[in-house]
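Student: give me a 3D structure for the following:
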Amino acid sequence: MNARLAAIISCALVSVLGLAPAARADQAPPLQQLPDAEHFTIDPVVDGTLVAGGITFSAILSRIVGTGEIRPTPPGSPELLLSIDRIAVTQTLDPGAGKRSDVGLYAAYAYAVLDPILSGVRGGRRALLVDAILYAEAIALTRAFTDATKIGVRRSRPIDYALCGDTPDAPGCSSTDLQLSFFSGHASTTGAISATATYLAFMRAGPRHPRPWITLAVGTLLTAFVSYERVRSGEHFPTDVIMGSLAGAGIGVLVPHFHRRPHYHESAYCAPPVLVGFSTTSRNSGAVTLALRF
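Tutor: As a prediction, this is how the structure comes out:
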């Protein structure tokens, strides 16, 4: 392959994915001890596009769902549900559970705003900007992924079984929202924020400090609380909140993980995973490499 063509392809892939190119084998990684404010790097083009794209997708899809053009179908028999999910249909619904789950979600959002401010106090304006971008990107991607899954699966909510199972023409049974059960947006968003906060805390403070462990415990408990209340409110099945929590946590970990800068920490070389790299093999040729490091 022509070296110039290979370089162009590699740079294009790296720009799209927002990942760092692989280092050449004959180049040793630079020895540097990064302050807390510089453990992560951001790209205004890539990160701005992902944040804006995620927010725009969720906003437009919410407007489409709100028009009622997507008509819901009546729920099937509860006997077809997984055994773990049947409790959501047979339980006595808690009318206050929905509000409590909202409080938990808003608390997670509040922390996503507060944590970058605290990082700015400790590490300066760059730390504030980096953390704010990471939280915004994790939330935007989680919301977009959640909304796309909801509209693709269109699973009936547990409350749909209770209100519209036998009378699908009853008032309120024509709402598209009744079929957006899988998976839970409350659980996925809370999980994403908690996972991002935990990852940042471990990178900034280190595993020997109590701060990341406290963040992990509080985030896990908050996600579990929100998930439990979503089931008690009749808005979601247990598998909805389980999948939502896992999806959100996965995105919340991957977003800051892909933004790490290579550096030395306590004599150990820490580098982000490299998916795309380019190296010259001879005068007129080169190679594009694909690799994954955890």
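Student: show the end-to-end separation of stretch 79-92, please.
Tutor: From its first residue to its last, stretch 79-92 covers 18 Å (CA to CA, to the nearest Å).
Student: contacting residues around it?
Tutor: By CB atoms under 8 Å, 6 or more residues apart in numbering, the residues outside stretch 79-92 that reach it are 78, 158, 161-162, 231-232, 234, 236-239. All C-beta spots, glycine's among them, are computed from the backbone N, C-alpha and C.
Student: what's the local residue count around residue 208?
Tutor: When neighbours are counted by other CB atoms under 10 Å, residue 208 registers 8.
Student: which SS class is it?
Tutor: Judged by DSSP: H, G, I helix; E, B strand; the rest coil, the three-state class of residue 208 is coil.
Student: for it, phi and psi?
Tutor: phi -80, psi -10 (degrees, to the nearest 10).
Student: likewise for residue 145?
Tutor: phi -60, psi -40.
Student: try residue 258
Tutor: Note on residue 258: backbone dihedrals following degrees, to the nearest 10 are phi -80, psi -10.
Student: and it, how far is that from residue 41?
Tutor: According to CB to CB, to the nearest Å, residue 258 stands 10 Å off from residue 41.
Student: before we move on, what about residue 191?
Tutor: Distance from residue 191 to residue 41, by CB to CB: 25 Å.
Student: wait, what's in contact with the residue lying closest to residue 157 once chain neighbours are set aside?
Tutor: Distances taken as CB to CB, 6 or more residues apart in numbering put residue 181 closest to residue 157, at 4.3 Å, once the chain neighbours are dropped. Remark: with contacts taken as CB under 8 Å, 6+ apart, residue 181 is in contact with 150, 155-158, 160, 235-237, 240.
Student: same thing with residue 253?
Tutor: 195-196, 199.
Student: now do the helix or strand containing residue 256, average pLDDT.
Tutor: Assessed by DSSP states H and E, residue 256 sits inside helix 238-257. For helix 238-257, the mean per-residue pLDDT is 97.
Student: what residues sit buried inside that helix?
Tutor: For helix 238-257, the neighbour count (16 or more other CB atoms under 10 Å) marks 238-245, 247-256 as buried.
Student: ditto for stretch 142-154
Tutor: Neighbour-count burial for stretch 142-154 flags 142-147, 149-150, 154 (criterion: 16+ other CB under 10 Å).
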